[in-house]
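> Here you go, sequence then predicted model.
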Amino acid sequence: MTTASARRFFWYASPQTFYPLAGKLVPVFGLAAALLAAAGLWVGFFVAPTDAQQGEAYRIIFIHVPAAWMSMFIYLVMAFWAALGLAFNTRLSGMMATALAPTGALFTFIALWTGSLWGKPTWGTYWVWDARLTSELILLFLYLGFMALQAAIDDPRRADRAGAVLAIVGVVNIPIIYFSVQWWNTLHQGASVSLKSAPTMAASMFTGMILMAFAFWMYSVAVALVRVRCIIRERGE
């Protein structure tokens, strides 16, 4: 990191400096989320072909899979901000981790809920103690535990540090979720999208899924920025 970049980083690490910037970015990411979601839902529900084996029921993956991706990605980002706060003692870092947690919990719940709806016609049951499902449920508990721990501590700085330790320790669950279908014999199907190989699905299906993933990403950024602005005002920073 150059001297100029470091100065810019620490400049925007100040809540007072970041507050107006976040306000300008919220409508940009919010609009992007709305447009991408509209396009993704259109492709997923009206353009993508019917699956030969699962019929129309498979279309829930256009919500389920991107939500599952975001549940893991947001946790990693939350842990990154938490670690940054511990390392550099920056106030904004802890606030960003706090702001991300509710959205991560939301996407984890959506992934579990839509997964159970998909599991009923596919597996004949809403829930099985499958390695992928169980580790994803643990992820939800980690999010809830992070928020509960912070809420139980009155001093915001102490709450940020305590939550950061839990967030960092909980990172170990992310590779367990991702590799669970490879490490154990599970009912959950393997990944249809991989960085190492071409997607094993129709191009329109892949397009709809990626559009929804970016829509959820943009939504997460917009909501986190709104929430961190509220936290800055609540703490009087």
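That came in fine, so what should we check first?
> three-state assignment of residue 125?
Of the three states, residue 125 takes coil according to DSSP: H, G, I helix; E, B strand; the rest coil.
> measure the closest residue to it other than its chain neighbours to residue 130 for me?
Of all residues not flanking residue 125 in the chain, residue 119 sits nearest, at 6.3 Å (Cβ to Cβ, 6 or more residues apart in numbering). Where you see a C-beta, it was placed from the backbone N, CA and C, and this is true even at glycine. With distances taken as Cβ to Cβ, to the nearest Å, residue 119 is found 9 Å from residue 130.
> what do you get for residue 64?
Relative to residue 130, residue 64 is positioned 14 Å away (Cβ to Cβ).
> Neighbour count: those two, which is higher?
residue 64 (23 against 19; other Cβ atoms under 10 Å).
> Would you confirm that the more buried one contacts residue 116?
No - here residue 64 does not reach residue 116: they are 9.7 Å apart, not a contact under Cβ atoms under 8 Å.
> Can you say which helix or strand has the closest residue to residue 144 other than its chain neighbours in it?
When the adjacent residues along the chain are set aside, residue 144 lies closest to residue 105, with 6.2 Å between them (Cβ to Cβ, 6+ apart). Secondary-structure assignment from DSSP states H and E places residue 105 in helix 91-123.
> in that helix, what's buried?
91-112, 114-116, 118-119, 122 (16 or more other Cβ atoms under 10 Å).
> what's that helix packed up against?
helix 15-42, helix 61-88, helix 131-152, helix 156-170, helix 203-235 (3 or more Cβ pairs under 8 Å, 6 or more residues apart in numbering; DSSP states H and E).
> Now do the second one and helix 156-170, the angle between them.
So that's helix 61-88. 120 degrees (axes from the mean of the first three to the mean of the last three Cα atoms, to 10 degrees).
> Would you mind getting the angle between helix 61-88 and helix 131-152?
Here helix 61-88 runs at an angle of 50 degrees relative to helix 131-152 (the same axes, to 10 degrees).
> tell me the angle of helix 61-88 relative to helix 15-42?
Here helix 61-88 runs at 160 degrees with respect to helix 15-42, directions being taken by the same axes, to 10 degrees.
> Give the other helices and strands that helix 61-88 contacts.
Contacts defined by 3+ Cβ pairs under 8 Å, 6+ apart place helix 61-88 against helix 15-42, helix 91-123, helix 131-152, helix 156-170, helix 173-183, helix 203-235.
> least reliable of these going by mean pLDDT?
Among those, helix 173-183 has the lowest mean pLDDT, at a mean of 82.
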